[in-house]
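Engineer: sequence first, predicted coordinates after that:
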Amino acid sequence: MSQEIVKQQEYKDPFLQRAIEHWLDTSNELGYQPLFCEWLITQGYVLKYSIKNTHFEQGKDVVAVLNDGTPCAFQLKGGSINLKRWRDEVKPEIDILIGGAIQHPDIDKAKTHLSYLVTNGEIEDNVRTEIVSLNEKAWKDTPLHVWTRGDLLNGFQNMAEGILPKDAITYKRLTDLIFADGTGLPDALKIYTFLREILQVEDVSIKKEQRKRNIAAAVLYASMIAGPYRARENHGSVVRILTILLSLMFYVVDKYNLEDRYWLASYEIVWGDLIATAKALEDEVNTSGFDASFTTPFDTDLIPFRKHSTISVVYPLKLSQLIANDDDWKTMLSSDLAQKYKGAISVWGEASLIPFIILCLTLKDVKGAEEAAIKLIKSALSQVLLFNGRKSKHAVGLVPPYYDLDFAVKLSFGMLEEEFDDSYKLSSYLMKPLIEMLALLNQRDYIAENWQEISYMHFEEFIPTDPCDYYLLRSEAGENRSTLPKKEKSWSELVTEANEYDGKTLPPTMKRFPAFLPFLISIFPHRANSETVGYLHKIVTK
Amino acid sequence: MITDFPDAKREIKKAVDAVLRQKVKQNAPMLSMVNKKTLHEGDKMGVLHADGRHIVSDLQYAQSEFTITHKEVPTLKPEDLLSRVSTAAEDMAGQIERGLFKTIDDSVKESGNTIPGNPELGPDSILTALEMISVDFEDDDRTKPVKPSIVAAPAAVEKLMEKEAKATPEEKEEYRKKEEAIMDKKYEEHMADLKSRKIID
């Protein structure tokens, strides 16, 4: 893998320059903000905060501190600024940017901050002249600095620092990704493969400083890959891309024991972006409901899949907020919202059962919702028995969680390129964690009623040899384990076993940043097993 | 280079792969009878038995090869290609089946579930074998036993067919009655097994 990446400090790849240019020109300020933050970090700034789309920004989208302790505030804009826009929209915000103190506990309000107007477009001559004039007079003591398209382009291009795709295949992969349609699901395998190469995941000889540069480059490339999806406001797909990026970043961090200084700031930017983007999707559904998106007769059969792609982001967001003690998770408790999400869960494979688990974990301790939460897991279990159980007449059964949404759509519409003649009767990857959840939720009667059928099943799971491999789309080393349950099972034994899954075999970053786990098991559903689900249960149980 | 047709090549390759899979299935009857599951990752398979035994084994590979020389390419006919693919498929099927039989053989020997004296395949040995195994009943219905398949060498099967052809109606009726009696017993065992599956404590 390492041979595919070439480090050429001085060489400016014309293709990459054009690609970054294309991405920058088609992004708005929200699109380039995360990468801008990442670039500041590569320049030695310490990022303090980055706000998106709120009324509390006080003219400051991004606040960072220079090495010498000087605070800097940045107002980000998308597109060119002519005199009308300057006077109507931008200048009032710049007045606040310059005049208002930075509100941050680490920053001394008395200390003068540097103010920057940043845009990925140009500033027209008459605006530039007016800024110069203001800097000489009204803003003399705190002049406004301006960074435009050329500055950003140069900065972003330098971020790659020669970490370039070397061969034609990798270039083609990048081209396909950054010029994707943007309305559909991103090609997870292609993105994963490309980012793996950029992060030089397998190369053990790399120094930690280079790993840091690789992470910055991966953030750059992921931003470019997410570009077409951001342009279409396809938030769910952007979250998928960011989840893959974070997953690979965590893999590198755990595998090579990277200290925080090499990666934590980058993580915070990507994580902030992921959460903000997931919230944007939630807002879209909360405002317009699902139906506003279903506009053509061709949508009808695809509605369950489109809804799943949405809930596989919004439900993890809520659980993630609950884990992070962010009260926003409670928005899902409103009856209006419950109505909007009614019927959003459909069953098309074991991967489609993940929202049942996530929703149950979110609701299980909510007064009045306990029964509904338990019912979700019972429903999931009964679906597995119905499709994969001893009495099932279904030819295939629910396909394992390795088969994601994209596969399910292709299978449903006869679009698979290769013959699929697998059968999963008497086999399930999710049954074991589902049973364990019910054991932890004290559902003895339900388990007892169904044990006759459950006991015929083979509980499948993958145990990676190296815990870091939880972050990989596919792991080369590990055991595909089939557990054959006892015919006669002791309830206390079952509860004891369920309690033993407390995350001890999970990688360190997964336990340090548990709020990411709901997104991981949603986007990589095959990583939902006794260990990950049991750990989630443990940390949300008060 | 001379202009190529990569898409067409890809389609041809897909068709050849499909033939290869089909031929493997044809030549591996045991394999075609079992449920196929795809493993997506890892390098080991493990079974954690209800009694706590944990048996882990490496994945077994089945592979074969065939050669087409550069000189042959311009004149190679589709049937020649398919013939070589079929030969490779037979080879792979043989490897898979041998592996499968060995695994079954080892398990049967380990559990001691063999018929003493190595009797010839015939009505008596079939009934004895039936006595020794568990039988499933579709929908737990006595009238729907899921009878096991017999896998045997062609010569043994031929002999069995001859015996059946020569059997008198009385012998056939006697066999049927014996088999039904075994199935009654098996059904009782099946229902008892079903009842034994429960949560205790």
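Structural biologist: Thanks, I have the structure now.
Engineer: mind jotting down where the strands sit in chain A?
Structural biologist: A:5-6, A:46-50, A:62-65, A:71-77, A:114-119, A:144-147, A:164-165, A:427-428, A:458-464, A:478-483, A:488-490 (DSSP state E).
Engineer: again with chain B
Structural biologist: B:44-48, B:54-58, B:136-137, B:145-146, B:198-200.
Engineer: distance to A:Glu284 and mean neighbour count added to those strands, as JSON lines?
Structural biologist: Glycine gets a C-beta too; all of them are placed from N, C-alpha and C. Converted to JSON lines, those look like this (distance: least, CB to CB, whole Å; neighbours: other CB atoms under 10 Å in any protein chain shown):
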{"stretch": "strand B:44-48", "distance to A:Glu284": "44", "mean neighbour count": "17"}
{"stretch": "strand B:54-58", "distance to A:Glu284": "48", "mean neighbour count": "11"}
{"stretch": "strand B:136-137", "distance to A:Glu284": "50", "mean neighbour count": "16"}
{"stretch": "strand B:145-146", "distance to A:Glu284": "51", "mean neighbour count": "14"}
{"stretch": "strand B:198-200", "distance to A:Glu284": "45", "mean neighbour count": "16"}
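Engineer: and those strands as a markdown table, adding distance to chain A and mean pLDDT?
Structural biologist: Below are the strands of chain B laid out as a markdown table (distance: least, CB to the nearest CB, whole Å; pLDDT from 0 to 100):
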| stretch | distance to chain A | mean pLDDT |
| --- | --- | --- |
| strand B:44-48 | 4 | 95 |
| strand B:54-58 | 6 | 93 |
| strand B:136-137 | 8 | 93 |
| strand B:145-146 | 11 | 93 |
| strand B:198-200 | 4 | 95 |
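Engineer: now these in TSV, with distance to A:Ser352?
Structural biologist: Converted to TSV, those look like this (distance: least, CB to CB, whole Å):
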stretch	distance to A:Ser352
strand B:44-48	26
strand B:54-58	31
strand B:136-137	29
strand B:145-146	30
strand B:198-200	28
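Engineer: pick the most buried one from the strands of chain A.
Structural biologist: Greatest average neighbour count among those goes to strand A:427-428 (a mean of 26), per mean count of other CB atoms under 10 Å in any protein chain shown.
Engineer: ok, it: who's next to it in the sheet?
Structural biologist: Within its sheet, strand A:427-428 is paired with strand A:458-464 (parallel), according to DSSP bridges.
Engineer: now the partner strand: average pLDDT?
Structural biologist: Averaging pLDDT along strand A:458-464 gives 97.
Engineer: and it, how far out from the chain's middle?
Structural biologist: 25 Å (CA atoms, centre = their mean, to the nearest Å).
Engineer: quick check, pLDDT for residue 150.
Structural biologist: If you meant another chain, say so; for now it's chain A. 91.
Engineer: wrong one, I was asking about chain B
Structural biologist: Confidence score, pLDDT, at B:Ile150: 86.
Engineer: repeat that for A:Thr295.
Structural biologist: Reported pLDDT for A:Thr295: 64.
Engineer: measure A:Lys486 to chain B for me?
Structural biologist: Between A:Lys486 and chain B the distance is 4 Å, computed by CB to the nearest CB, to the nearest Å.
Engineer: count the residues that sit near that residue.
Structural biologist: 17 (other CB atoms under 10 Å in any protein chain shown).
Engineer: closest to the centroid, which residue in the chain?
Structural biologist: The chain I'm using is chain A. A:Thr243 (3.2 Å; CA atoms, centre = their mean).
Engineer: that's the other chain; I wanted chain B
Structural biologist: B:Met30 (1.7 Å).
Engineer: what residues are up against that one?
Structural biologist: B:97, B:100-101, B:151 (CB atoms under 8 Å, 6 or more residues apart in numbering or on different chains).
Engineer: now do the residue nearest to the centre of chain A against chain B, distance only.
Structural biologist: For A:Thr243, the distance to chain B - CB to the nearest CB - is 18 Å.
Engineer: next one: A:Val285
Structural biologist: The gap separating A:Val285 from chain B is 32 Å, by CB to the nearest CB.
Engineer: also A:Ser530?
Structural biologist: Distance of A:Ser530 to chain B, given as CB to the nearest CB: 12 Å.
Engineer: cool, and A:Tyr49?
Structural biologist: 39 Å.
Engineer: same thing with A:His22?
Structural biologist: Taking CB to the nearest CB, one finds A:His22 at 27 Å from chain B.
Engineer: and the closest residue in space to that residue that isn't next to it in sequence, what does it touch?
Structural biologist: Excluding the flanking residues, the one nearest A:His22 by CB to CB, 6 or more residues apart in numbering or on different chains is A:Ile178, at 7.3 Å. Contact analysis of A:Ile178 by CB under 8 Å, 6+ apart lists A:19, A:22-23, A:224-225, A:227-228.
Engineer: and the spatially closest residue to B:Asn113 that is not a sequence neighbour, how many neighbours does it have?
Structural biologist: Distance criterion CB to CB, 6+ apart; nearest residue to B:Asn113, sequence neighbours excluded, is B:Met132 at 5.7 Å. Counted by other CB under 10 Å, the residues lying close to B:Met132 total 13.
Engineer: wait, doesn't B:Met132 sit right on B:Ser111?
Structural biologist: No. Counting by CB atoms under 8 Å, B:Met132 stays clear of B:Ser111, with 10.0 Å between them.
Engineer: before we move on, the earlier item: which one of the contacts of A:Ile178 is nearest A:Glu38?
Structural biologist: A:Met224 (12.3 Å; CB to CB).
Engineer: and the helix or strand bottoming out on mean pLDDT in chain B, how far out from the chain middle?
Structural biologist: Every helix and strand of chain B was ranked by mean pLDDT, DSSP states H and E. The lowest is helix B:29-33, at a mean of 79. Distance, stretch centre to chain centre, for helix B:29-33: 3 Å (CA atoms, centre = their mean).
Engineer: any buried residues in it, and which?
Structural biologist: Using 16 or more other CB atoms under 10 Å in any protein chain shown as the test for burial, helix B:29-33 gives B:Leu31.
Engineer: can you pull out the helices in the stretch 151-300 of chain A?
Structural biologist: Using DSSP state H, counting those that start in this stretch, the helices of the stretch 151-300 of chain A run over A:168-178, A:188-199, A:208-231, A:235-255, A:264-288.
Engineer: mind listing what's buried along the third one?
Structural biologist: Taking 16+ other CB under 10 Å as the basis for neighbour counts, the residues of helix A:208-231 that come out buried are A:210-230.
Engineer: cool, thanks, signing off.
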